[in-house]
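Asker: give me the fold of what follows.
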Amino acid sequence: MRELLVISGKGGTGKTTITAALAASGPAKVIADCDVDAADLHLIARPHQTVTTPFYSGQRAVFDKSQCIDCGLCQEKCRFNAIADGIRHRPELCEGCGLCAFICPAGAIRMEERLCGEWYCSDSRFGPMVHAALGIGEENSGKLVTTVRTESNKMAQEHGVEVILTDGPPGIGCPVIASLTNTDLALLVTEPTRSALHDLKRIAGLTRHFRVPAAVALNKADIHSGLADEVRAWCHTENIPLLAEFGWSDDCTKAQLLGQSLVEYRPDAWRPVFEDLWQKLLDLP
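Answerer: Modelled structure (predicted):
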């Protein structure tokens, strides 16, 4: 089994557009969307959910006002200001530390598992798909990413599929680390802008740290020839293969407005491009 992760180091480089085009071409695959904080691959894949599972992580305080004696001890000791005047709980500020429940003399506070989001097993026109949605302001997206990856591996085994295509989160934080560790190959999507080149270097450093082979796809390569040359030179210096370059095209916007991948929108122009990219990716050691 081979797991390909598409990441970018920053948002807006076209990572999900390229992932959707890869999903619509190449070998049979399971698709995973690990951008659980702001998932958008489903907008193109339009998956039909077959299994919905709640995601719990951490704990949250629950107050029983009928037991409360209004001593104010919980409000006094809470360091996160999660308890307002009148012993009113503010769950959006609760860190789930459990101190209030521990010190409450009346036993009016208990800790319960925190519902942070959902993850889904779905069918899409690109193949089986695992994706998730983290609740607004909720935490532990790294744990949810790990859940998505674990379930996508199970799904690949169940379907006898040898390739997993994963749309990763932007940046270099915990969700990216959770999506990157122990994957087989990372495709780093960048663009010829100063911020994108800076973040390409950071995400490449992360792949080196976790000993994950990396390759680069340069998107919107024609918007700044000088910076595009810097990206090419940097890839050559770092011995990271530059597998594909894409020029700016309004096909991306037109395809998205129709809920399609580039390969579906203009198969004559884009399918050969992404089939070639798949071949290069699969040929890498």
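
Asker: residues near G205, how many?
Answerer: Applying other CB atoms under 10 Å, we find 12 residues neighbouring G205. From N, CA and C alone the C-beta is placed, and that goes for glycine too.

Asker: quick one: the helices in the stretch 51-200 of the chain?
Answerer: 73-77, 99-103, 141-159, 174-180, 194-209 (DSSP state H, counting those that start in this stretch).

Asker: who does the helix or strand of the chain with the lowest mean pLDDT pair up with?
Answerer: Across the helices and strands of the chain, mean pLDDT, DSSP states H and E gives its lowest value to strand 88-89, namely a mean of 88. Its sheet considered, strand 88-89 pairs with strand 83-84 (antiparallel) by DSSP bridges.

Asker: rewinding a little: show residues contacting the least confident helix or strand of the chain.
Answerer: Residues outside strand 88-89 that contact it (CB atoms under 8 Å, 6 or more residues apart in numbering) are A61, V62, F63, A82, I83.

Asker: ok, and the closest non-adjacent residue to H131?
Answerer: Setting aside the residues directly before and after it, H131 is nearest to D33 in space (CB to CB, 6 or more residues apart in numbering), at 3.9 Å.

Asker: spit out the contact partners of that neighbour.
Answerer: D33 is in contact with A39, L41, H42, M129, V130, H131, A132, V148, T166, D167, counting by CB under 8 Å, 6+ apart.

Asker: what does L5 give?
Answerer: L5 touches C34, T166, G168, S179, L180, T183, L185, A186, L187, V212, counting by CB under 8 Å, 6+ apart.

Asker: can you list those in TSV and add pLDDT and distance to R125?
Answerer: Putting the contacts of L5 into TSV (pLDDT from 0 to 100; distance: CB to CB, whole Å) gives the following:
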residue	pLDDT	distance to R125
C34	96	20
T166	98	18
G168	95	22
S179	96	23
L180	96	27
T183	96	24
L185	97	24
A186	98	26
L187	98	22
V212	97	29
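
Asker: who wins for neighbours among those residues?
Answerer: Neighbour-wise, those (other CB under 10 Å) top out at C34, 31 neighbours.

Asker: not counting sequence-adjacent ones, nearest residue to that one?
Answerer: Using CB to CB, 6+ apart, the closest residue to C34 is S179 (4.2 Å).
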